[in-house]
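Peer 1: after the sequence you'll find the predicted model.
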Amino acid sequence: MAVLQELGGLVRGLASGEYPRFVTRAELGTELPVFLYHRIDSEQLAGHLRRLRDEGYRTLTAGEHHEILTGKCAPTGREVVLTSDDGLSDLYERMFPLLHEHGMRVVAFLIAARVGEPGMVSWDQVREMHASGVVDVQSHSMHHAAIPISGRVVDFYHHGYHAYEPWDVHVGPAWETGVPSWPPALGTPLLEQASCLGDARRFRPDPERVRACTEHVAARGGAAFFERRGWRRELRRLVDALPGRLEGEAEQRAAIERELLDSKSRIERELPGHTVRHLAHPWNEVGRLTQDLLPGCGYLSAYAGLTRERGRRAQGRGLFELARLSGDFVLCLPGRGRRPLWRVMGFKVARRLTRGQPY
């Protein structure tokens, strides 16, 4: 299913013109490509950086990119932006040394509240990378929180439930007071969800009904409960849809502002003298309210995924939904050794099938 979704996205992107020209033709045109990395394959990244270096590409900071987009600086035709989301430990352990080796830079969008957790970079590592000039540290929101947006139950948490990262599953109101522990209690109802910076409002479920599910599982053996046939039907008889309430407009606005401001202030506190001016939207989900609030919170630009706005250079909303492509597409850039699109997509599909990883 994931492979079909990826191929479907490719077809839609090519048909709509969302993919930049260099992906299908060996020319850049007026595009300034922006690439996105998460987990790092050292061998693959080394090949990407080596190709960028050998073909004379220059990597930009987010500030330099913004100056080109707003006409304050002219491009030479050989600029790209490399970005890394989340602040996983790979950023320091694998990407940072390779950037040094090949003379390249990356814009690192950090989940500020997650820095220092297991599997994430530490603040000492962030300070070292920032001081080197190799890593431009910016914001990926405070919590990168998934929030419930309705009472519709899509599943119940169990040990077989797959999530790429802990923040890919909502955990109720715990985000409002800090980063919650992972995993949630067995049997926790998992609701329809979206990004905390998206347009959907947070749904606040009745905590007593949530507790009824987790207590039901605990009283029947905990993990052993899920070995029983029909356990989902049993839990759905308890709750198929949770009662609760949607937050109001003022609550939503305040929550988004907190995510934007708290992340910015936390990073700036840890990196004295540094100003955070740029954001990467969690899950590349672009909320209209978030776009409206970004300038007032001190942000100059924000990055997302593919978008029809990718060619816009004027002031306005285009600066707050800048397009990015997977780092896999570095191999499609013009120059010697350019890979055709079908080769890159073949690699991406194989990775999905063999490793279960989207990137």
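Peer 2: Received it, and whenever you're ready, just let me know what you need.

Peer 1: ok, H140 to P205 distance?
Peer 2: 26 Å (CB to CB, to the nearest Å). In short, each C-beta sits where N, CA and C put it, glycine included.

Peer 1: same check, this time on H274
Peer 2: 39 Å.

Peer 1: tell me which of the two has more neighbours.
Peer 2: With neighbours defined as other CB atoms under 10 Å, H274 and P205 compare such that P205 has more, 22 against 16.

Peer 1: where does this structure dip in pLDDT?
Peer 2: 1-17, 307-317, 351-352, 354-359 (pLDDT under 70).

Peer 1: and the helices in it, which stretches?
Peer 2: 2-16, 21-24, 42-54, 62-69, 90, 96-102, 123-132, 207-218, 231-238, 249-270, 288-293, 341-355 (DSSP state H).

Peer 1: can I get the fourth one as PDB, trimmed to CA atoms?
Peer 2: What follows is the C-alpha trace of helix 62-69 in PDB, where atoms were taken according to Å, rounded to 0.1, in the frame of the first residue of the first chain:
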ATOM      1  CA  ALA A  62      18.000  29.300   5.200                       C
ATOM      2  CA  GLY A  63      18.800  33.000   5.500                       C
ATOM      3  CA  GLU A  64      20.800  32.900   2.200                       C
ATOM      4  CA  HIS A  65      17.900  31.100   0.500                       C
ATOM      5  CA  HIS A  66      15.500  33.700   1.700                       C
ATOM      6  CA  GLU A  67      17.700  36.500   0.400                       C
ATOM      7  CA  ILE A  68      17.600  34.900  -3.100                       C
ATOM      8  CA  LEU A  69      13.900  34.400  -2.900                       C
END
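
Peer 1: got the domain boundaries for the chain?
Peer 2: Domain ranges of the chain: 2-141+272-355, 146-195+207-241, per automatic domain parsing.

Peer 1: wait, G222 sits on L186?
Peer 2: Yes - G222 is within contact range of L186, at 5.8 Å (criterion: CB atoms under 8 Å).

Peer 1: between the two, which is the more surrounded one?
Peer 2: L186 (20 against 14).

Peer 1: skipping adjacent residues, who's closest to the more buried one in space?
Peer 2: Excluding its sequence neighbours, the residue lying closest to L186 (CB to CB, 6 or more residues apart in numbering) is V217, at 4.9 Å.

Peer 1: burial of L341, as a residue count?
Peer 2: 17.

Peer 1: surely R288 is in contact with A200?
Peer 2: No - shown here, R288 and A200 do not form a contact pair, counting by CB under 8 Å, at 11.2 Å.

Peer 1: what's near enough to touch T83?
Peer 2: 34-37, 106-109, 280, 303, 324 (CB atoms under 8 Å, 6 or more residues apart in numbering).

Peer 1: one more: D168?
Peer 2: Neighbours of D168 in contact, by CB under 8 Å, 6+ apart: A146.

Peer 1: rerun at 10 Å
Peer 2: 144, 146, 162, 193, 282-283 (CB atoms under 10 Å, 6 or more residues apart in numbering).

Peer 1: which one of the residues you listed is nearest G335?
Peer 2: Nearest to G335 among those, counting by CB to CB, is W283 at 31.5 Å.

Peer 1: the residue lying closest to A46 once chain neighbours are set aside and R336: what is the separation?
Peer 2: What sits nearest to A46 in space, not counting adjacent residues and going by CB to CB, 6+ apart, is L98, at 5.5 Å. Distance from L98 to R336, counting by CB to CB: 20 Å.
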